[in-house]
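1. What shape does this take:
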Amino acid sequence: MNTFTWKHGLAGLGLLVALPGVASADLVLPAADCGFGPTNNCVVFDDFTSYSLALSNFQAGYGDLSVGDPFRVATSPGQIANYLVIGSNANVAINNQDLGIGNVDNGYYTPNNVPGGAANFLMDGGSGNDGQQATTGSPATRMPDPIVGFPGDNIRMGDTTVNNNATDPGTGADPVADGTLPLWDVPISSLLNYLGSGVLTFMFNLNEENGGTLDNGQDLLVYADVYLTDVQTGNVKKYTLSGNSCGGGACPGAGSPLQQAQDQTANVDDILPTADDKWAYVHGKICVLDDGSVIRLGECTAADLSAGGQNVNQSLGAEEAAFAVVSLDLNDDIRNGVWDVLSVDLRMSHVGGGYEQIFILGSTITDAPEPPRVPEPQTLALFGVGLAALGVARRRFGRRRRRAA
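-> Numbers count the residues shown, from 1 in each chain. Next up, the predicted model:
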């Protein structure tokens, strides 16, 4: 299920002498097999497949993500500067012009250190600390687009709607009128220059507060529309990530141990395009069995722990990506020569703690067989003790045989 390239083999009696690693720019993902059983590796939100990198790492036998693990994508300020950034902190690399791939919008500012953990995020190009794009300059002069625009920039702006325009999208912001969200745009030509042969993959950091669920907690609500536009004809195609549909059916909602969706709450988080839209619910922790089965999207209960459940942390902070999100249909569409511009309409709610990061990299999807499950460190240690004991026993046996001779 979770596949990667071995850089080192096994030596002597099958003992692992070096753990394999994959460079962050060479993320290798398994072919999607979505569900919650031991062989499943992803979940579906509308048109997108979402991989939990922490779960993938656990299922491959590595435990918590750490340096050198195959599913770790490092995202410190120096490392994320090499990626195509959709959203990050104002003090982190958000100037995509530095990539040299052609014109592209810069990254939006995402909320940071929000008191109470209840901020909403819309791609608002206006004033304020959140929901902006920028190059340089004071808040009054920051612009939502690069200095040199491109054909199709802001082309979907007029289509944007907000269910409740008066719901505060950020700290101290004014109501947001329909048709005013600039969105994040990139010419398909620039995007392909960046991706090369890699699969278009949206990466997401979950950087929330510890403990609890939504406000003052480590869970989050997310919604996104990704548009493709033919600038000359005006034709448009849309891909959605939401809690509206999961694998062709209704997403489990509040009260389900496998909750993937949440309804909008009036005057709190009702900032989705329509009143019927549902949020995708992002969990800071999930509860899994040792074989990798997911028994709860959320922290283990006492009963879960008694049944052998253990928590896998998905709120990894700003230093490591938590999720890789892919649509192979979208990846095919950006390469068919029909579309000119890709636009992203990202919305988040119940944002707290540090800043979330959203960026793009090119991944590899493979159908190669799953590698052997790597023993946990304790197992390796016990195995080593066993080998040592076997060696001592053989030496003693040899001495006895020599004496008997």
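2. where do the helices sit along the stretch 1-150 of the chain?
-> Counting by DSSP state H, counting those that start in this stretch, the segments of the stretch 1-150 of the chain that form helices are 53-59, 77-80.
3. For Ala280, list the residues it contacts.
-> 45, 221-223, 241-243, 251, 260-261 (Cβ atoms under 8 Å, 6 or more residues apart in numbering). Quick note: C-beta positions are derived from backbone N, CA and C, even for glycine.
4. What is whichever strand or helix holds Asn311 packed up against?
-> Using DSSP states H and E, Asn311 maps to strand 310-313. On a contact count with 3 or more Cβ pairs under 8 Å, 6 or more residues apart in numbering; DSSP states H and E, strand 310-313 meets helix 53-59, strand 285-288.
5. May I see those organised as CSV, with mean pLDDT and mean neighbour count added?
-> CSV is the format used below for the helices and strands packed on strand 310-313 (pLDDT from 0 to 100; neighbours: other Cβ atoms under 10 Å):
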stretch, mean pLDDT, mean neighbour count
helix 53-59, 95, 24
strand 285-288, 96, 23
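6. Among the ones you listed, which comes closest to His350?
-> strand 285-288 (15.5 Å; Cβ to Cβ).
7. In terms of secondary structure, what does that closest one contact?
-> By 3+ Cβ pairs under 8 Å, 6+ apart, strand 285-288 packs against helix 53-59, strand 294-296, strand 310-313.
8. tell me which residues in stretch 246-262 are buried?
-> 246, 251-252, 258-262 (16 or more other Cβ atoms under 10 Å).
9. What lies in contact with that stretch?
-> By Cβ under 8 Å, 6+ apart, stretch 246-262 touches 34, 36, 43-46, 221, 242-245, 263, 278-281, 283, 294-298.
10. quick check, distance from it to the centre of its chain.
-> Centroid separation between stretch 246-262 and its chain, computed with Cα atoms, centre = their mean, to the nearest Å, is 19 Å.
11. Excluding chain neighbours, what is closest to the residue nearest to the spatial centre of the chain?
-> Centroid check for the chain by Cα atoms, centre = their mean gives Phe323 as the closest residue, at 2.3 Å. Closest residue to Phe323 apart from its sequence neighbours, by Cβ to Cβ, 6 or more residues apart in numbering: Phe204 at 4.4 Å.
12. Return the closest of the contacts of Ala280 with respect to Asn89.
-> Once Cβ to Cβ is applied, the member of those that ends up nearest Asn89 is Val222, at 17.5 Å.
13. What residues does that closest one make contact with?
-> So Val222 contacts 204, 241, 279-280, 282, 346-348 (Cβ under 8 Å, 6+ apart).
14. just these now: which is nearest Ala60?
-> Nearest to Ala60 among the contacts of Val222, with distances taken as Cβ to Cβ, is Phe204, at 20.0 Å.
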